[in-house]
Structures are given as structure tokens and as C-alpha cells.
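[1] sharing a sequence plus its predicted fold:
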Amino acid sequence: MRQLLRLCPLLLVVALLFGTGPAFAGKRVALVIANSAYQHAPSLTNPVNDGSVMARTLKEAGFDIVDSRRDLTAQETRRVLREFADGTRDADIAVVYYAGHGIEVEGSNYLIPVDAKLERDTDVFDEALSLDRVLVAVEPAKQLRLVILDACRDNPFGKTMKRTVASRGIGRGLAQVEPTSSNTLIAYSAKAGFTAQDGDGANSPFTVALSKHLTTPGLDVRRAFGFVRDDVLKSTGNKQEPFVYGSLGGEDVPLVPVKVTAAAAPAANPQADIRRDYELALQVGNRPAWDAFLAQHPDGFYASLAKLQVEKIGAEQAHAAATEKAKQAEAERDRLAAVGAQKDTQAKAAADAKAAEQVQLAAQKAKEQAQQQAAAAEQQRVNLAAAAPSAAPASTASPAGTNVASLTPATAPADLSRSVQTELGRVGCFSGAADGNWTTSAQRSLSQFNRYAGTKLDVKVASTDALDTVKSKQSRVCPLVCEHGFKADGDKCTRIVCRDGYALNDDNECEKQRAARPAKPATAKRDDGDERPARQRRQAGGEAAGAAGGFGGAAGIAAAAGASRPSSGGQLFCNNGGCRPVNRGCHLEYRGGGGPGNDANAEVCN
């Protein structure tokens, strides 16, 4: 690639010396298919209108055959493609335009006929037409094989389609494709992984731009699609970017040739050549490409833009070097702390790590500023090209400093933040409004993206690195989290409704309710309050018997009987003759002994 870039100036000189007139097309054939009346999915309004516009545009451009069909079933589509392939055998240019629904399954693209049901993911292989089948139909053409797909819409079968294999991927929009045949171009209304808009009018923005630029006499088809891209970006607020896959040779390939006249050929437009060189260097995107461009075009409008791109690359390289140095300094500081090095050595290592961190932060800020300036300048160039595609920029002859100043809008950081917020919302990581304010909520969203995408983006600022990384994700990254009582349904949370007899448990599942047990009848409680005095009386009798020394059953009974009668002393004197209350003013004293004929207690009176 570096050698090719070094040869670019020489090739440009040869082109200017000998001239390269546009190739004159021979036989040109086209097939237009527009599907709107879907039988098992919501109908589409614009495809039929878009197909009519494209068929009229190609007929007015002088195509030899323009076969226009609408609302085809799978069988009809196969038959039409077979008939069209017969007509391309002696054609120089073959064009197929399709408007309708398309779907991507495991990296392959399919066109959806109007009778497709797609109840299962495997039905797409039987009920849809693969893009490869369309490429076979245009393959016999000699000079140009062009397939245009205005089918990057949302998949209407995505929510109802059953997955036979959980790992089978069904993407958003269409998948990127690389044609294997030479001189083949495949144009998408939106780049791979993104969906296109139908627009507010009768036709989609993509078809409107196609009808305006594609059949311009003498205009190379690649430049025509470049103008289409600029128009669609402008009309959709940079939300939709058409994309072309494949490559052609070095000669211009217009769909409509320029009629030969006796007048002298117009002088070459050097500004157009500079722009083409600039776009080539932009596509390569590395430092050698920009150096080669500046060596050939050191001054002017595009030179100023190229210098901004060089500054951006230099800032990114400086940031990468500063980041690596900061990591090394931090690792050295931690190593010295782990081995217990001397305090002054550890202090020096800590100071070095701190200084390296400051350098890294400064490099980060410089990189973001350079990226924002380059992005703003490139957007300004796109807008100028869309406003006047064939005219040279008004600031071509101005000094480089003037160009840079005029191309850096004050709102660039807010626009960048808004773009990052929009992309984070697309992948399910941001639920707020894309207002351009990089708040803590936006920072948490980017941090969540890092967690699930396995990236390490700086969440403190919205950078172009973050925008490019999030844009590269074609499907949801952050999982959809629903509250209790709700479940994930696609990209939304829907309430869980249990059938009769079932209730939602703590695990968010419907669980069968148990029947309520009948209540037990109330029973009268036993009231033993009347027995308590009797028990208490029996207890008192037992204690009195024990105090009497235990002279047999008769003594115990007498003691119990005595305990039931009041006495002045509250004590009983018992011997072989029985028990009696202690006389008033007397009390019992224990003298030891006890047994027949020997009283253990003696009654003592004062």
C-alpha cells in the first residue's frame, strides 16, 4: 500500500498527460423489484413508489431493458431472476434494484418475498432469496455488475420468529459483504448493521438521491454513490450513511455515457483530482498516506484538512506512548513497594509515576482536541461537497490557518457527546435523553458498556474513540434489566400476567396457589381455677407433714387437717398421740433425734 501511494503522483501526471475519457457503455439491462404488500408482516408504503421512480429513471437514461416487478412471491422471484440472467449474457452493464424487507442470518443476507412467513429461523433458507442468488443473475455482464439494496429496514419477523438454535445470529440490518467477482458493486441504503429510514415523503431518502445522481451522463458510478451518500447524510441528520462494497478498475464507469461531439474536450478539473486523492488518503487513514498526499498537494483547502488529520494521528500516537510510559512507571512503583526498597527510592518512583500520569492526561486532552477538530473539518467538507459537488471550495486559495479556524465549530464537543449518547442508547446502555451533556449518568452508561463489551474506554469524556467503538457494535451490548413483575420482550419490558389460579412468586415466575385450609371450630378451654385452692391445700398439707418428721400416714393426715384450721402460732406440734396447734405465745424448737418415744420438736413458751 505504501508503494501504491508513492506511485499516486506519477499516475496522476500520466492521467493529466494522456487523458482518460469515460467508457462508453454497450448494452445495458436492469431489473427493478419492489415488495410492499407483505402477507404475513406489516405492509410497506415506500418500496412500490421507490421502484416506480427507479424504473422511470433507468428508462429515461436509455437502458435497453428495464424489467420492473412488484410484490413478488418466492417462486415468482426465482423465475424473474432466471429470466433476467438470460438477458445479461450479452450485456455490458447489469443493474438490479431491490426495495423491500431484507434480513441477515449468520452473516448471510436474504431478500424477503411477500409470501414469506418465517415462523422459524431456518425458514429463511427455504422462503427467502439469498443475495448470492441475485449476484448469479448479474454475473454474465462484462463491464459492470451493480446490485442496489434499499432493504436495510427493521426485521418485522424478529419478535415472532422461533430460534431452533440459540446461538444462531440474526443481525440488525444487513451484514457486510465482499463480492468475489470482479467489477461488482453492492450498494446498501445504510451501512452494514444499521437500518435505513423510509423518510417523510413518498420515497426514501436513498432512492431520491439515487434518481438524482446515479444516471448523470459521464459520472463515474463510484462518484455518483459518493454524492448519494452526502445527500442522504444531510437529509437524515447524519443518522443514515449509505455504503458501497466491492471495487472497480482505474477507468471511469458511468451508467450513462457522454455523447461524442466535435467540440474539444473540456479541461481537466484539478480540484476534483485533489479531492479524489484526499478521499483515497482518508480511506487508507495512516501517516504515510497523508505524507504522500501533502507531498503532492502541499497547499490549499485539502492540504489544510490533511494537516489536521496528521495532527490527529500524531496526538493519538503521543497518547499511546504516554499511556504505556505511565503503566511502566506505575508497575515500577508497585514493584519497589513490594520488595521493600528504600524510602527515597520508593518516593522517587512514586513521583515518576505521578509525573507520567500527568503527561498521560495532557496527551489524552490533546488527542481529544485533535480528534474533534479533524472530525469537525471533515464534516464541514462533506457539507460543502453536498451543497456544490462539482464546485471547488471557496477557501481553496486561503492560508492554511484560515481554513482550520473556519472549520472548527464551537459546538463540536456537544455534538460528539450527543453522538456517543445516541449510540449508547442504540446498544441498550443509555436510557436518558441525548442532550450532549456528558453527565454522571452518561459516564455510568459508558462504564456499563466497558463491562459488557470488554473495553477500557475513558468514561470521563466523550471521545471519538468511544464513538467509533460503540458504533462498531451491531446489536445490543448491555442486557435489558426489568423490574419485578416484568420480563424482557425484545428491547422492551412487558408486564407478566399469570392465568387464574396462579400468582407471581419472588423469582418472577407464575406459581400455582394452594387452596386455603378451613378454620378450626372454637373449643371451650378448660378452666381449672376452682381446683387451684385444692392443689394449694394439698401442697400445704405435704409441707406440714414433712415438718412433723413423717410419723406415718396418720400423722400426715392429721397435719393436713391441722393445716386447714387456723392457729395462733401457725405451727403444729405432733407426737405419738397426734398433732395439735402450738399454743399462743409458743413456738417449736428442734432438739434432734426423733422416733418412737422421742419427740424431735419441743414446744417452748415465753
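    On my side now, so go ahead.

[2] tell me the mean pLDDT for the helix ranked longest in the chain?
    Assignment by DSSP state H gives helix 343-387 as the longest helix of the chain. Taken as a whole, helix 343-387 has an average pLDDT of 84.

[3] quick one: average confidence on stretch 307-321?
    On average, stretch 307-321 scores 89.

[4] all further residue positions should be reported with the first residue as 28.
    Sounds good: first residue 28 from here, last item stretch 334-348.

[5] any regions of the stretch 378-527 of the chain where pLDDT drops low?
    Applying pLDDT under 70 to the stretch 378-527 of the chain flags residues 412-440, 517-518.

[6] quick one, strands of it?
    Secondary structure of the stretch 378-527 of the chain (DSSP state E, counting those that start in this stretch): strands at 513-516, 519-522.

[7] to residue 323, which of those strands lies closest?
    Within the strands of the stretch 378-527 of the chain, the stretch nearest residue 323 is strand 519-522; the backing value is 53.9 Å (C-beta to C-beta). Where you see a C-beta, it was placed from the backbone N, CA and C, and this is true even at glycine.

[8] buried sites along that closest one?
    Going by neighbour count (16 or more other C-beta atoms under 10 Å), nothing in strand 519-522 comes out as buried.

[9] output the contacting helices and strands for whichever helix or strand comes after that strand.
    With elements assigned by DSSP states H and E, the helix or strand that comes after strand 519-522 is strand 529-531. Strand 529-531 is packed against strand 537-539, with contacts defined by 3 or more C-beta pairs under 8 Å, 6 or more residues apart in numbering; DSSP states H and E.

[10] so for the strand it packs on, mean pLDDT?
    Averaging pLDDT along strand 537-539 gives 85.

[11] tell me which strands that strand pairs with, and in which orientation.
    strand 529-531 (antiparallel) (DSSP bridges).

[12] what's stretch 74-82 in contact with?
    Contacts of stretch 74-82 from elsewhere in the structure, counted by C-beta atoms under 8 Å, 6 or more residues apart in numbering, are 57, 59-63, 93, 95, 97-98, 124, 126-127, 175, 177, 229-231, 234-235, 237-238.

[13] what subset of those residues is buried?
    Here, 16+ other C-beta under 10 Å leaves 57, 59-63, 93, 95, 97-98, 124, 126-127, 175, 177, 230-231, 234-235, 237-238 buried among the contacts of stretch 74-82.

[14] now intersect those residues with the strands, please.
    Using DSSP state E, the members of the buried ones among the contacts of stretch 74-82 that fall within strands are 57, 59, 60, 61, 93, 95, 97, 124, 126, 175, 177.

[15] dump those to CSV, plus pLDDT and distance to residue 326.
    As requested, these are arranged in CSV below (pLDDT from 0 to 100; distance: C-beta to C-beta, whole Å):
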residue, pLDDT, distance to residue 326
57, 94, 44
59, 94, 47
60, 95, 49
61, 93, 49
93, 92, 47
95, 93, 50
97, 92, 54
124, 94, 43
126, 90, 45
175, 94, 39
177, 88, 41
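
[16] can I get those residues in a markdown table with distance to residue 279?
    Putting those into a markdown table (distance: C-beta to C-beta, whole Å) gives the following:
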| residue | distance to residue 279 |
| --- | --- |
| 57 | 20 |
| 59 | 25 |
| 60 | 28 |
| 61 | 30 |
| 93 | 23 |
| 95 | 28 |
| 97 | 33 |
| 124 | 21 |
| 126 | 27 |
| 175 | 19 |
| 177 | 25 |
